[in-house]
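Student: How does the following fold in three dimensions:
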Amino acid sequence: QVQLVESGGGLVQPGGSLRLSCATSGFTLAFYGIGWFRQAPGKEREAVASIGFNGRNTLYAASVEGRFTIARDNAKNTVVLQMNSLEPEDTAIYYCARGPKFSSGGLSETRYDYWGQGTQVTVSS
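Tutor: Just a heads-up that it's a prediction; the model follows:
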């Protein structure tokens with residue numbers, strides 16, 4: 001069955017970095033766009049970044065542009081989110097999700113059908 005499993009979250013000081021991984025199984029990753037989303041306490045879930053099935057189309061939320069980088073390794077069935085210059089406002093549960101087949105991804109969560117269970121990221125001194 002389709003599965004997405006996030007890892008790499010944790011506690012980091014402001015200005016620090018984390019690298020999140022999304023391990024996928026049950027489908028051919030190379031055919032699908034993948035998105036990262038996050039949900040902070042008391043807030044709605046929001047899009048963070050997405051990457052198209054061909055790896056050439058990436059999109060970022062304005063709040064993370066220039067600090068976060070999304071990349072994919074289809075051979076390893078993994079999509080990563082490199083997060084630099086982290087801020088307390090980045091504290092949230094981070095989720096990866098599968099987009100439509102042969103899609104460019106996108107930042108609308110309605111395009112995504114399967115979701116991981118999330119990994120907690122806490123940015124605090």
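
Student: contacting residues around stretch 33-43?
Tutor: 20, 22, 24, 45-53, 57, 70, 72, 79, 81, 89-100, 103-107, 109, 111-112, 118, 121 (Cβ atoms under 8 Å, 6 or more residues apart in numbering). To be clear about C-beta, it is placed using only N, CA and C from the backbone, and glycine gets the same treatment.

Student: Restricted to strands, list the residues you listed.
Tutor: 20, 22, 24, 46-51, 70, 72, 79, 81, 92-100, 121 (DSSP state E).

Student: confidence score at the most centrally placed residue in the chain?
Tutor: The centroid of the chain falls nearest to Trp36 when counting by Cα atoms, centre = their mean (2.4 Å). You'll see Trp36 listed with a pLDDT of 98.

Student: Ser124 versus that one, what's the distance?
Tutor: Separation of Trp36 from Ser124 (Cβ to Cβ, to the nearest Å): 21 Å.

Student: Buried ones among the contacts of stretch 33-43?
Tutor: 20, 22, 24, 45, 47-53, 70, 72, 79, 81, 90-99, 103-107, 109, 111-112, 118, 121 (16 or more other Cβ atoms under 10 Å).

Student: Please identify the nearest residue in space to the residue nearest to the centre of the chain, excluding sequence neighbours.
Tutor: Val48 (4.4 Å; Cβ to Cβ, 6 or more residues apart in numbering).

Student: The one you found reaches Leu59, doesn't it?
Tutor: No - counting by Cβ atoms under 8 Å, Val48 stays clear of Leu59, with 9.6 Å between them.

Student: Nothing else from me, thank you.
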